[in-house]
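Colleague: the sequence isn't on hand, but the structure is:
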């Protein structure tokens, strides 16, 4: 998705033709939970996409850490993105975003979505990575 995301945003989201919504699927245990929580905490500072992009780019590094080290890594990423660190850390510590992420995951699972990426466009479900041409064809067909 990230390879075509800029094109989707430029051609469909910015002009107001499509709304792009992220819903987590927690299929990698604590790593999924903590990284999704970090992205949602970054969203409180209007930095969801930059955090999401960074997490995606560095996903291999996430497999080498767990527990407190994983939480610390999220703080390092927040610092790298120049987020307000006290606000970010307070968000991560509060647990509200963790609860939200878990609720969104439960909602996805109740709809049969247990993997990623999955895209839904006006009721049509696309599973797996897709080219921009596929998105364009599906989106344009519903307009």
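Modeller: Perfect, I can see it now. Please read these numbers as outputs of a predicted model, since none were measured by experiment. Numbering: from 1, shown residues only.

Colleague: per-residue pLDDT, residue 78?
Modeller: We have a pLDDT of 98 for residue 78.

Colleague: no no, residue 2
Modeller: In this model, residue 2 is scored at 58, pLDDT.

Colleague: ok, residue 116 next?
Modeller: Looking at residue 116, the pLDDT reads 86.

Colleague: got a list of what it touches?
Modeller: 25, 27 (CB atoms under 8 Å, 6 or more residues apart in numbering). Bear in mind the C-beta positions are built from the backbone N, C-alpha and C, glycine included.

Colleague: on the three-state scheme, it is what?
Modeller: Assigned by DSSP: H, G, I helix; E, B strand; the rest coil, the conformation of residue 116 is coil.

Colleague: the one 10 residues further on now?
Modeller: Under the three-state scheme (three-state DSSP), the conformation of residue 126 reads as strand.

Colleague: residues contacting the residue nearest to it when sequence neighbours are not counted?
Modeller: Nearest non-adjacent residue to residue 126, counting by CB to CB, 6 or more residues apart in numbering: residue 119, 4.3 Å away. Contact partners of residue 119, counting by CB under 8 Å, 6+ apart, are 1, 125, 126, 127, 130, 135.

Colleague: kindly report the same for residue 84.
Modeller: Per CB under 8 Å, 6+ apart, neighbours of residue 84: residue 45.

Colleague: if I look at it, how far off is residue 61?
Modeller: Computed with CB to CB, to the nearest Å, the distance linking residue 84 and residue 61 is 23 Å.

Colleague: tell me which stretches of this protein form helices.
Modeller: Along the chain, counting by DSSP state H, helices occupy 5-8, 29-43, 48-57, 59-62, 68-80, 85-94, 96-110, 132-142.
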